[in-house]
Structure formats: C-alpha cells, structure tokens
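**Student:** Fold the following for me, if possible:
(one chain, ligands or ions: 1)
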Amino acid sequence: MRTPRTHHTPRTPRAPRRSRFLLPLLLLAPLVLLVFRPVPRKGVAGASDGGGGDLYADDAARERAIRYNRQREWLSLFGTLYGALINALALRTGLSARLRDRAAAVAPARLGPVIPYTLVSSLLSSLATLPLAYYSGWVVERRYDLTNQTRRAWLGETLKGEALGLALGLPLAQGVYAVIRRYPRGWWAILAALAIPFTIVLSILAPVLILPLFNTFEPIRDRALAERIKALAAAQGVTVSDVLQMDMSKQTKKANAFFTGLGGTKRIVLADTLLDEFTQEEVEVVLAHELGHQVGGDIWKLIGLGALTTALTAGAVDRLARPIIARVGARLGLDPARGLGDVAALPLLALLLSAISLALAPLQNAISRNLIEHPADRYALDLTRDPAAFVGAMEKLGRLNLADPQPPAIVKWLLYGHPTLQERVDYGRSWRAEG
Ligand SMILES: [Zn+2]
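**Tutor:** Residues are numbered from 1 along each chain as shown. The predicted structure follows:
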C-alpha cells in the first residue's frame, strides 16, 4: 500500500508540483475560513428579547443544546475535510489507479472496471470513516441522551444502510459512467435530465421499498385524530389517503414529521415520539405544515431543484476536472485519453463534487427555507388559525431535538433547510399579531 506510484510517469510538461491538490483544497478554503472565524459565543442564543426564551428550562439546558449543536457542526466539517483527504490520498498514492487496474483484470471486458472498482473503493472509504460515523452517530447522541439504540443496533442499521447504498449505487455508477463515455462533452446535461425520471421513480418506490427496511409504518392509531386531519385536508380540497405513524422511537428520542411519496405512495408520516408528546392541536398544526407541502406541490419543486443542482454541479465538475486530468492525470496513473471516463479519476470527481456542493449549499438551503418551508409554516397557520399551537409545537419539537434556536449565520447558510427555531416561533407570534 505504501509504495508510491511507479507506473505511468511520463515527463510531460510539468505543472508546478504544488498545484496538484491545491485547487480542490482551495475550493474548500472559504468554508474553513468562515467556520474557523471566531463566533460570538455569548448572545448567540440569548439575544432574542423574550422570543424563544422559554424554550429551555434554564440557561444550563440552553447551553447544553448549543454545545450539542456546535459539536455536530464541527464533526460535519471535520467529516467533509477527512473525506477530501481520503480522496486526495487515493489519487496521490496511486491507489485509485491500481484499484482500477485490478478491477479491469477481474471484470468481464464487456462490463468494464466500474462496478468492482466502486464496490471496493466504497467499502474501503466506509471502513476509513466508520470511527467518525460511530462517534457522531452514536457516541455523541448517547452523550446527550438522544438515542434509543444500543451500539449493536446502531451498527446493524449502519451496515444495512451500507448494503442498500451499494445495491442502489453500483448499478447507478455503471449507468453514470456509460453516459460519461458515450457523451464525453455533454454527459453532465444528460445526467441532469435523467435525474428527473430517476428521482420520480425513487420517490414512488422509497416509501414502500426502502423506508420499511428501517422502520415500521402503520395507520395512525388515534382514529379520531386521523379523521380530524382528513377533514382538515378535505376542506382544502386535498384527499389524504391516510396518515401514518412510524416507530421512530426505535432509533431516537427526537421527533419528526414528513411527507413522502408520489401518486399512490403519497403519504404523511408522523413519528411516534411526536404523537406521544404533542397535544391534538399541536399534532394538527404539524400536519397542516405537511399538508402545505402537498398542496404546494413541493415534491415537484424539490425534484426540479435537484435536477438543476445536478446540472450545475456536474457541469462545474466537468469544467474543473478536465484541465486537472490533462495536466497531472498521467502522473496519478489516470488515463488522460479517457479523461473523466476513467473510473480511477472518481476520487477527483468526488473531491470536486463535495467542494461544489458545499459552495451551492447556501443557495439550496436559502431556497428550501424561504420558498418551501416558510410557506408551509404560513399555510399551517392560515389553515389552523392557531398560532399558540404552532408556537407550542415548534418549541416542543425544538426541545425534543435539542435544537439550537439561533445558530450562527454561517451554520444556518450551510446546514439549515428550515428557518431557525427562533424565526419560526417569532413568525408564529407575529402571525397572531396580524391575523
Ligand atoms: Zn416542512
């Protein structure tokens, strides 16, 4: 493993040595600078005048929630950088090129090296990131008393998720590379177009094929509540086939509600953890929010946004990867003639992809917060006309999930697809003032 790259080392015009991995790292630099910039510790959460002041019982509870969130955010940053390092090393050491050679040797010529390469590289990178996944996914959750899972159960689900990822990801990788090779110039546009039917099929199948692998779904047990919700929806001209509850308590003490599926698999799902804690009025307002997503056709907005993001991301990867491969590809054991179609260049694509996704995250999150989630909140309030229940539901949700009511702006831009808790509570309060 330790031998430096030995093959494919023609002395072609040399790029300045230092620039090999500089570009991907430079792409990550703005994030690093922004996050490492000192964040005003005090006043982050306490600044609001009476806004969310009653969310947590006391300052200690609030401090604890903020600590939890900062830890998760740092871990997320570290995970991104660590992933980038792994990809950079896979290229720099020639490991990626050797793996491609091996893969090509074992795979039938007609199929090519993509599937065996992707299989082994996914397994290796999962192994390398397992300690981090364990720490952030179980240890931290345990420390803050948020998980209901044993270590063994966590590991079991992680392995199941990994297997599922491979089952979906390997054929997908084969398909993506078929497109890249067939259309070396316009592949990114074709993939973005294909992302639409692909997401639609996945949206239809996920609620019936994938989600039940991890949790049990059943019609909500409180039938009176179910009828109330159906009546609420019917009054808006929306037919809700059923409202399901999910045993989220199997994994966590956190609570959630979401809408999922398309056509016949369209459904609203409530976590049992939420049903246990919320009053009827609060459940109703949460459901009204989800109903707002359905009425607003938000799933189509998300699919469209996904396709647009794919086009932007893949287009940018194409633009950036091409010159890098042309200049230093041969030295890394890549095949410049095949360009992006050489599967050994996958770590380079992954590096660029994660940098570009990071750059796009603020825009994507802003769209989600302002054009998808906030309108659903407004819909919920207009429909229920019960701001007290709305505010109560938000605060309970916040407490259960140990939410940071007012994260630093940089954290909000990079990670928050929903308005912050403080913003939602404030909105609920101001709605009452206007309504
Ligand atoms: Zn929502």
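**Student:** Below-threshold pLDDT in the stretch 51-200 of the chain: ranges please.
**Tutor:** 51-54 (pLDDT under 70).
**Student:** the helices in it, which residues?
**Tutor:** Taking DSSP state H, counting those that start in this stretch to define them, one finds helices in the stretch 51-200 of the chain at 59-92, 95-106, 114-134, 140-143, 151-182, 187-205.
**Student:** Flag every buried residue along the fifth one.
**Tutor:** The neighbour-count check on helix 151-182 (16 or more other Cβ atoms under 10 Å) flags 154-155, 157-158, 162, 166, 169-170, 173, 176-177, 179-181 as buried. Yep, even glycine has a C-beta here, placed from its N, CA and C like the rest.
**Student:** And stretch 255-266, by the same measure?
**Tutor:** Within stretch 255-266, judged by 16+ other Cβ under 10 Å, the buried ones are Ala255, Asn256, Ala257, Phe259, Thr260, Gly261, Leu262, Thr265, Lys266.
**Student:** still on that earlier bit, and which of the buried residues of helix 151-182 is nearest Leu353?
**Tutor:** Val176 (11.7 Å; Cβ to Cβ).
**Student:** so who does that closest one touch?
**Tutor:** Residues counted as contacts of Val176 (Cβ atoms under 8 Å, 6 or more residues apart in numbering) are Leu191.
**Student:** and the gap between it and Ile115?
**Tutor:** Using Cβ to Cβ, to the nearest Å, we find Val176 at a distance of 12 Å from Ile115.
**Student:** Tell me which stretches of this structure form strands.
**Tutor:** Taking DSSP state E, the strands of the chain run over residues 217-219, 243-246, 257-260, 267-271.
**Student:** what is the rounded mean pLDDT of the longest one?
**Tutor:** So that's strand 267-271. Averaged across strand 267-271, the pLDDT comes to 88.
**Student:** number of nearby residues for the closest residue to the ion within the stretch 51-200 of the chain?
**Tutor:** Going by Cβ to the ion, the ion is nearest to Thr199 of the stretch 51-200 of the chain, at 18.0 Å. For Thr199, the number of neighbouring residues by other Cβ atoms under 10 Å comes to 19.
**Student:** That one touches Ile303, doesn't it?
**Tutor:** Yes: between Thr199 and Ile303 a contact is recorded at 5.0 Å, counting by Cβ atoms under 8 Å.
**Student:** residue contacts, Glu290?
**Tutor:** By Cβ under 8 Å, 6+ apart, the contact set of Glu290 is Ala257, Phe258, Phe259, Ile268, Ala376.
**Student:** from the residues you listed, which single one is nearest the ion?
**Tutor:** Nearest to the ion among those, with distances taken as Cβ to the ion, is Ala376, at 4.7 Å.
**Student:** In terms of pLDDT, where does that closest one sit?
**Tutor:** For Ala376, the model assigns a pLDDT of 96.
**Student:** Which residue, other than its chain neighbours, is closest to it?
**Tutor:** Gly292 (3.7 Å; Cβ to Cβ, 6 or more residues apart in numbering).
**Student:** OK, contacts around the one you found?
**Tutor:** Contacts of Gly292 (Cβ under 8 Å, 6+ apart): Pro375, Ala376, Asp377, Arg378, Tyr379, Ala380, Leu383.
**Student:** Keep these, but drop any that are not near the ion.
**Tutor:** Applying Cβ under 5 Å from the ion to those, one finds that Ala376 fall near the ion.
**Student:** before we move on, the earlier item: just the closest of the buried residues of helix 151-182 to Leu77, please.
**Tutor:** Of the buried residues of helix 151-182, the one sitting nearest to Leu77 (Cβ to Cβ) turns out to be Thr158, at 21.1 Å.
**Student:** these two touch, right, the closest one and Ser136?
**Tutor:** No: Thr158 is beyond contact range of Ser136, at 11.5 Å (criterion: Cβ under 8 Å).
**Student:** And stretch 137-147, what's buried?
**Tutor:** Buried, per 16+ other Cβ under 10 Å, within stretch 137-147: Gly137, Trp138, Val140, Glu141, Tyr144, Leu146, Thr147.
**Student:** can you tell me which two in the residues you listed are farthest apart?
**Tutor:** So, the buried residues of stretch 137-147 by Cβ to Cβ: farthest apart are Gly137 and Tyr144, at 12.6 Å.
**Student:** Excluding chain neighbours, give the residue nearest to Gly315 in space.
**Tutor:** Trp188 is the one closest to Gly315 (Cβ to Cβ, 6+ apart), at 4.6 Å.
**Student:** Poorly predicted segments of the stretch 301-435 of the chain, please.
**Tutor:** Low-confidence segments of the stretch 301-435 of the chain, defined by pLDDT under 70: 432-435.
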